[in-house]
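Asks: sequence unavailable; structure follows:
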Ligand SMILES: [Zn+2]
């Protein structure tokens, strides 16, 4: 049955369609895609049998897209904050390998549950705790499915010997397991799997090539961390005589399917190369600040024509999971770096956090326009954080608080109503108790 969502205004890529007297409507077909946007009364006459959700006097904007996250890290918030990168990483290596699939499920519920309340309708979870199989991966996908959030699992591939064994696979294992998992989610409208050779510092050349080839086979993008810290530049120079992206390019795998995470320490030439290849950047400004990584030359990526999406990164290196926060951080940090308040606008970062994320994941969402998936949020325009009504597009990025987010709709399903989860609420109910027990047991065994 079609669904008709009525509101006071709808933000489309071109316009803010607004009718405070009669209202405007967004009609969704049985395929869960937007079929029409227009005056409320016309759509009601056209589709009298549509199920009506009357959200007037709220305002509809696209749901935002978290293009890079590690959901299990939400369970590790607060355990190694304010430490140098190596100490932070060693602490989470130690704790992460103790997680069972049930823990991973709870971590994903925590991360995704919080994201939904922050208006995130699609998340890409970059996941690497495989323990040689897919049981932990399935726990992430199950949590996403249970909460109704759209989720792409970027299945990490690692064959370097330094990370814990639970992260590592042979190339054959990594390819076979990713293929199996991708097949399992086929036909699920919310879930997707893509290959993610972890990074130049955690992959052999053959692993990166295998990940890129698998993306061709599965017809997906592929994701990889690149140059988050300067140590990686030193490493690839020492091992291969090339900088990180130069090394990836030398493998012959750079293409429009390539999305690099962070890209903090790339030369202008490498950035131009990524843009020329049609690749993209998944930018995580809060995480870069939290870990003291440095400042990505974002304007250069934009000039080079690279696609840009935003990510919160893991909950233990941010420690928030809000893409609206990342939009704000991206704009503010770049203004600081350039000593120029005009270097990046609210409108630009809003596109990065919506359509940019959709493009990075190869999913038809991120904008309220006909043909796209019906993923959106309903905001209260009278919320104090959206006052006064001078410039909505600026307020969304610089001023809005999540108190303004009232309802969240994914694929025409209302997953949050009046700031309460309506899908998966039972799974979330005792989550704080289970997390408290998890912390207690890790303290007792000395891993925290
Ligand atoms: Zn990451």
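Replies: Alright, I've got the coordinates. Quick caveat, the model's predicted, so the values are computed rather than measured. Numbering: from 1, shown residues only.

Asks: list the buried ones in stretch 287-305?
Replies: Using 16 or more other C-beta atoms under 10 Å as the test for burial, stretch 287-305 gives 287-291, 293-294, 296-302, 304. (Glycine included, C-beta is placed from N, CA and C.)

Asks: go ahead and confirm residue 163 touches residue 203.
Replies: No. Assessed by C-beta atoms under 8 Å, residue 163 is found out of contact with residue 203, at 10.6 Å.

Asks: settle it for me: which of the two has more neighbours?
Replies: Neighbours per residue (other C-beta atoms under 10 Å) separate residue 163 from residue 203, with residue 203 holding more: 25 against 19.

Asks: did I read that right, that one in a strand?
Replies: No. Counting by DSSP: H, G, I helix; E, B strand; the rest coil, residue 203 is not part of a strand but coil.

Asks: now do the contacts for it.
Replies: With contact taken as C-beta atoms under 8 Å, 6 or more residues apart in numbering, residue 203 is in contact with 157, 158, 159, 160, 197, 211, 224.

Asks: let's go with 10 Å and repeat that
Replies: 156-160, 171, 174, 196-197, 209-211, 224-225, 248 (C-beta atoms under 10 Å, 6 or more residues apart in numbering).

Asks: for residue 308, same thing?
Replies: 67, 259, 263, 280-283, 296, 298, 301-302, 330, 348-349, 351-353, 356-357, 359-360.

Asks: my guess is residue 153 contacts residue 125. True?
Replies: Yes. With contact defined as C-beta atoms under 10 Å, residue 153 counts as touching residue 125 (5.3 Å).

Asks: residues that sit against both of these two, list them.
Replies: Both residue 153 and residue 125 are contacted by 71, 108, 137, 140, 141, 144, 196, under the criterion C-beta under 10 Å, 6+ apart.

Asks: and the pLDDT for the fifth one?
Replies: Right, residue 141. pLDDT, residue 141: 98.

Asks: would it count as being in a strand?
Replies: No. Judged by three-state DSSP, residue 141 forms no part of a strand; its state is helix.

Asks: how about it: what's its closest non-neighbour residue?
Replies: Distances taken as C-beta to C-beta, 6 or more residues apart in numbering put residue 191 closest to residue 141, at 5.4 Å, once the chain neighbours are dropped.

Asks: ok, back up a step: out of the contacts of residue 308, which are inside helices?
Replies: Those of the contacts of residue 308 mapping onto helices are 298, 301, 302, 330, 348, 349, 351, 357, 359, 360, per DSSP state H.

Asks: what's the closest of these to residue 217?
Replies: residue 360 (19.3 Å; C-beta to C-beta).

Asks: the residue nearest to that closest one when sequence neighbours are not counted and residue 155, how far apart?
Replies: Using C-beta to C-beta, 6+ apart and skipping residues adjacent in sequence, the residue nearest residue 360 is residue 309, 3.9 Å away. As judged by C-beta to C-beta, to the nearest Å, residue 309 and residue 155 stand 18 Å apart.

Asks: now swap in residue 350 and tell me
Replies: 29 Å.

Asks: so these two - more neighbours on which side?
Replies: In this view residue 350 and residue 155 are compared by other C-beta under 10 Å, and residue 155 has more residues nearby, 29 against 24.

Asks: let me see the contact set for residue 321.
Replies: Residue 321 makes contact with 66, 69, 71, 73-74, 77, 110-118, 120, 123, 286, 311-315 under the criterion C-beta under 10 Å, 6+ apart.

Asks: what about 7 Å?
Replies: Neighbouring residues of residue 321 by C-beta atoms under 7 Å, 6 or more residues apart in numbering: 66, 69, 74, 111, 114, 115, 118, 312, 315.

Asks: what subset of these is buried?
Replies: Buried by 16+ other C-beta under 10 Å: 66, 69, 74, 111, 114, 115, 118, 312, 315, out of those.

Asks: would you turn the residues you listed into JSON lines with secondary structure?
Replies: Output for the buried ones among the contacts of residue 321, formatted as JSON lines (three-state DSSP):
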{"residue": "66", "secondary structure": "strand"}
{"residue": "69", "secondary structure": "strand"}
{"residue": "74", "secondary structure": "helix"}
{"residue": "111", "secondary structure": "helix"}
{"residue": "114", "secondary structure": "helix"}
{"residue": "115", "secondary structure": "helix"}
{"residue": "118", "secondary structure": "coil"}
{"residue": "312", "secondary structure": "coil"}
{"residue": "315", "secondary structure": "coil"}
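
Asks: could you dump the residues you listed into CSV and include distance to residue 85?
Replies: Converted to CSV, those look like this (distance: C-beta to C-beta, whole Å):
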residue, distance to residue 85
66, 22
69, 19
74, 19
111, 21
114, 24
115, 25
118, 26
312, 18
315, 17
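
Asks: and which of those is nearest residue 415?
Replies: Scanning the buried ones among the contacts of residue 321 for proximity to residue 415, where the rule is C-beta to C-beta, the winner is residue 115, at 10.9 Å.

Asks: does that closest one touch residue 121 like I think?
Replies: No. Counting by C-beta atoms under 7 Å, residue 115 stays clear of residue 121, with 8.7 Å between them.

Asks: overlap in contacts, the two.
Replies: What both residue 115 and residue 121 touch, as defined by C-beta under 7 Å, 6+ apart, is the set residue 149.

Asks: low-confidence regions, the chain specifically.
Replies: Filtered on pLDDT under 70, the chain yields no residues whatsoever.

Asks: quick check, central residue of it?
Replies: residue 66 (2.0 Å; C-alpha atoms, centre = their mean).

Asks: ok, what's across the strand from it?
Replies: Here residue 66 sits in beta bridges with residue 123, as judged by DSSP bridges.

Asks: which residues touch it?
Replies: 115, 120, 123, 124, 311, 312, 321, 323.

Asks: does residue 310 touch residue 329 like I think?
Replies: No. With contact defined as C-beta under 7 Å, residue 310 does not count as touching residue 329 (8.8 Å).

Asks: neighbour count: the two, which is higher?
Replies: residue 310 (31 against 23).

Asks: any idea how far residue 398 is from that one?
Replies: Following C-beta to C-beta, the distance that separates residue 310 from residue 398 is 15 Å.
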